[in-house]
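Engineer: What follows is a predicted protein model with its sequence.
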Amino acid sequence: MKRNRNVKIVATLGPASNDYEMIRALHEAGADVFRLNMSHGDHSEIAARHAAIRQIETDLGQPIAILADLQGPKLRCGVFDNDDGYDLENGAAFRFDLDETPGDATRVQLPHTEIFAALEPGATLLVNDGKIRVKVLECGADFANCEVLAGGRISNRKGVNVPDVVLPLAALSDKDRKDLEFVCELGVDWLALSFVQRPEDVAEARDLAKGRAAILSKIEKPAAVQNFDAILEASDGIMVARGDLGVELPVQNVPPIQKRLVRKCRNAAKPVIVATQMLESMIESPMPTRAEVSDVAAAIYEGADAVMLSAESAAGDYPIEAVTTMSNVAMEVESDPTYRAVIEASRGGDKDTVADAIVSAAREIAETTNIKAICCFSESGTTASLTARERPSVPILALTSRQATARRMCLTWGCHCVKVGAVGRFKEAVVSAVRAAIAEQMADQQDLIVVTAGVPFGQAGSTNILRIAPCDERLIYASELE
């Protein structure tokens, strides 16, 4: 199933998309990657969704990527003596402490000693997705006396954000460690880490994953933005999670941050997802707002590898319509001549290796001659990722003998992934590429393709050879006689 677009679509599964028929319909509508949100659903529900995806993959004969999104350390306040909670007025005094006594209009428990250890007077606390903002006046090891700057209703177990300080919290909670082991054993392709603050958070997850899944860091805290270069280097991919990022930072800061992070990911040849509230109104409406469509389009113009649906596909009333809308927007944007001009103007990245030179040459040859596709043999995915960084105007056919690589590459811009048999010589790779290009309807027998690979085969990052090959049946026939 070849898509008529390059950007990929990530669809979150949930109560609205919980069985084989609906998940298959979402894939056929345009979903390339399915997100399993570990914040919702027990292990049996997650396993059932995973099994349905893998069955669809088998039935359609096409790799599908699965992204498991770990919950991360959620910070929440305690409970109140009134289930409805209390309204906090601007200028009022309010106290957070470790006392387990139910809260009232003046105080509530905050059962996180690590927050009190890190707080200083003048720090800001945000409650209930930033709807309530308080300033710390004085604090100690077990309390924080605050002034309400922006009031609102506070109630049981509302989330608390601390944007001003780096908290001494690991990105992986005990629940996350159990979930990580479960999904790695189950067989997911990507692990998304929530509330990453430093590269050490990524290293911990990588040690636990033991190569069973690629690591994708979610950028949703100011500390992650400040440490982004180191986090990017430690990660296999990035998600710009604009929801929490927009809570902990002024909302006007998020668009330029998104642009900078997407550009850096592109230059590093690592996939980047733009996520959160992309088609939020389609949770309840069959049509998006014009602003939402523009938001999706902006991420595509920036060159993001993927755009993501959250509640729209997981719990909304119109999951298929949401995926279809996102796919239609992508196809329209990518057909705009301005899109190619923007993409080419923003092409960058350090190019100081043989592999960089090979993929850059492949793109230039393809765009200046009548080449139908760039075919990349990539056991690890490196060659295909470098080719995708070039954002060529011709299709990318990513060929690999490893199922895990084929699945992971489903998240990478423009890569149409096909699992092929192992090859030992470059001529065999060319023959395999010709067959795949014809089979996937990317080229006819009279057309030309570019084939890139690394010789000897099986060594990651060894891209060192390029050939322009005719899609001629005689080439295939001659190879079969040898």
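Structural biologist: Sure thing, it's come through.

Engineer: okay, now the domains of this protein?
Structural biologist: 8-73+170-336, 86-161, 354-481 (automatic domain parsing).

Engineer: As TSV, the ones you listed with distance to Phe80 would be great.
Structural biologist: From N, CA and C alone the C-beta is placed, and that goes for glycine too. TSV is the format used below for these (distance: least, CB to CB, whole Å):
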stretch	distance to Phe80
domain 8-73+170-336	22
domain 86-161	4
domain 354-481	42
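
Engineer: Wait, Lys2 touches Glu440, no?
Structural biologist: Yes - using CB atoms under 8 Å, Lys2 is in contact with Glu440, at 5.9 Å.

Engineer: joint contacts of those two?
Structural biologist: By the contact definition CB atoms under 8 Å, 6 or more residues apart in numbering, Lys2 and Glu440 are jointly contacted by His416.

Engineer: Between the two, which has more neighbouring residues?
Structural biologist: Set Lys2 next to Glu440 and count neighbours by other CB atoms under 10 Å: Glu440 wins out with 16 against 10.

Engineer: By mean pLDDT, show me the worst of the domains of the chain.
Structural biologist: Lowest mean pLDDT within the domains of the chain: domain 354-481, a mean of 89.

Engineer: just to revisit the earlier point, select, out of the domains of the chain, the one closest to Glu344.
Structural biologist: domain 354-481 (7.5 Å; CB to CB).

Engineer: For Val148, pull up the helix or strand it's in.
Structural biologist: For Val148, the enclosing helix or strand under DSSP states H and E is strand 143-150.

Engineer: In its sheet, which strands sit next to the helix or strand just after that strand, and in what direction?
Structural biologist: With elements assigned by DSSP H and E, the helix or strand that comes after strand 143-150 is strand 152-154. Note on strand 152-154: by DSSP bridges, its sheet partners are strand 86-88 (antiparallel).

Engineer: How far does the strand it pairs with sit from its chain's centre?
Structural biologist: 37 Å (CA atoms, centre = their mean, to the nearest Å).

Engineer: One more: stretch 73-90?
Structural biologist: Centroid displacement of stretch 73-90 relative to its chain, using CA atoms, centre = their mean, is 32 Å.

Engineer: ditto for stretch 429-448
Structural biologist: Computed by CA atoms, centre = their mean, the chain-centroid distance of stretch 429-448 equals 30 Å.

Engineer: can you check stretch 32-49 too?
Structural biologist: Put simply, stretch 32-49 sits 16 Å off its chain's centre (CA atoms, centre = their mean).

Engineer: measure that stretch end to end?
Structural biologist: The first and last residues of stretch 32-49 sit 15 Å apart, counting by CA to CA, to the nearest Å.

Engineer: 147 is where my numbering starts, stick with that
Structural biologist: With the count now opening at 147, the last piece we talked about shows up as stretch 178-195.

Engineer: List the neighbours of it that are in contact with it.
Structural biologist: Stretch 178-195 has contacts (CB under 8 Å, 6+ apart) with 149, 154-160, 164, 169, 172-173, 196, 199, 210-217, 220, 322, 325, 328-329, 332, 334, 336, 338, 452, 454, 456, 460, 556-557.

Engineer: Arg613 is in what secondary structure piece?
Structural biologist: Following DSSP H and E, the helix or strand that holds Arg613 is strand 609-616.

Engineer: buried ones in that strand?
Structural biologist: The neighbour-count criterion (16 or more other CB atoms under 10 Å) identifies Thr609, Asn610, Ile611, Leu612, Arg613, Ala615 as the buried residues of strand 609-616.

Engineer: can I get those in JSON lines with distance to Asn413?
Structural biologist: What follows is these, written out as JSON lines (distance: CB to CB, whole Å):
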{"residue": "Thr609", "distance to Asn413": "18"}
{"residue": "Asn610", "distance to Asn413": "22"}
{"residue": "Ile611", "distance to Asn413": "24"}
{"residue": "Leu612", "distance to Asn413": "22"}
{"residue": "Arg613", "distance to Asn413": "27"}
{"residue": "Ala615", "distance to Asn413": "30"}
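
Engineer: Now the strand holding Val294 - C-alpha only, CSV.
Structural biologist: Below are the C-alpha coordinates for strand 289-296, written out as CSV (Å, rounded to 0.1, in the frame of the first residue of the first chain):
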residue,chain,number,x,y,z
PHE,A,289,5.8,22.5,52.5
ALA,A,290,5.5,25.4,50.0
ASN,A,291,3.5,28.5,50.9
CYS,A,292,2.2,30.1,47.7
GLU,A,293,0.3,33.1,46.3
VAL,A,294,-2.4,32.4,43.7
LEU,A,295,-1.5,34.3,40.6
ALA,A,296,-4.2,32.8,38.3
